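Participant: Here's a sequence, model it:
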Amino acid sequence: MADIGFFSRLGNLWRGFLSIWISNVEKEHPEIAYENAINSMVEKYSKLKSATAAIIRRREDIDERLKKSTKDLAQTELELNVAVETSQDDLAVVLIQRKNALTTEATELGGDLGTASKDADAAKQSLLNVQGEIRKLKAERDVMLARMQSAQARLRIQEQLDGLSVDADVKALDNVREHIKNTIAEANLGQELSGSSLDARLAALRTQAGDVQAKQQLAELKAKKATQQSAQPQKTM
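Facilitator: Purely as a prediction, here's the structure:
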């Protein structure tokens, strides 16, 4: 008994996993869910159609039996009248008994026919209802799948727009701007460092020294020229 209970629980667990898996598949593919529902309704319709046909056949059988019973009753009543008129009492008694039996049978068949007719009408109405449900389900499938496809298309477009968003482009441009600024700053820093280095200062000092020496030489040349001019004799008028 314990093993039976274990396997029963295991079977229930497997059916549960299978149901969840099928449910997830149907969510991802709603057309499968609708197709399964429609096929189930069509199968139900087929079974109901067979049952309705059987009910209608029973109604027709009862109707034929009632017609035969009514016909036999009319014939028996005719024969009974003849037997009474011809004073055939023994036949009249038999015919009376037959008439009573046929009357009872006709009454019962009439009741059965009424019930069978109601059952047939109800079965046909159920059949029509299932037909209507199938048509509604197919129409719903077409509408809902169309809406689903439209929603999926909108989501794909939205994803593409998100991938091409202005914010992403601006952010990328900001990175480029930052890189350019950093490069310029590095170049300026190199220039500043080169201007304050020892070699640069020595070169500037040499330039200044050259300027001082040149100025001294110029002053010496001017003084020498002035001395020469003062040493020359002045011309008399």
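
Participant: Rounded mean pLDDT for whichever helix in the chain runs longest, please.
Facilitator: For the chain, the longest helix by residue count, based on DSSP state H, is helix 89-163. Across helix 89-163, pLDDT averages out at 91.

Participant: which other helices and strands contact it?
Facilitator: Counting contacts by 3 or more CB pairs under 8 Å, 6 or more residues apart in numbering; DSSP states H and E, helix 89-163 is packed against helix 30-85. Every residue, glycine included, has its C-beta placed from N, CA and C.

Participant: tell me what the helix it packs on is packed against?
Facilitator: Helix 30-85 sits against helix 2-28, helix 89-163, with contacts defined as 3+ CB pairs under 8 Å, 6+ apart.

Participant: can you give me the offset of the last one from its chain's centre?
Facilitator: When you say that, I think you mean helix 89-163. 32 Å (CA atoms, centre = their mean, to the nearest Å).

Participant: any idea of the angle that helix forms with helix 30-85?
Facilitator: On the basis of axes from the mean of the first three to the mean of the last three CA atoms, to 10 degrees, helix 89-163 is oriented at 170 degrees to helix 30-85.

Participant: Deepest in the core, which of the helices and strands packed on helix 30-85 is it.
Facilitator: Most buried of the helices and strands packed on helix 30-85 by mean neighbour count (mean count of other CB atoms under 10 Å) is helix 89-163; its value is a mean of 13.

Participant: ok, back up a step: let me know which of the helices and strands packed on helix 30-85 is the nearest to Lys67.
Facilitator: Of all those, helix 89-163 sits nearest to Lys67, with 9.2 Å by CB to CB.

Participant: quick one: contacts for the spatially most central residue of the chain?
Facilitator: Residue closest to the mean C-alpha point of the chain, counted by CA atoms, centre = their mean, is Met148 at 4.6 Å. Contacts for Met148 (CB atoms under 8 Å, 6 or more residues apart in numbering) come out as Pro30.

Participant: please renumber so the chain begins at 95
Facilitator: Yes, from this point I'll number from 95; that puts the last item at Met242.

Participant: do you know how far it is from Leu255?
Facilitator: 20 Å (CB to CB, to the nearest Å).
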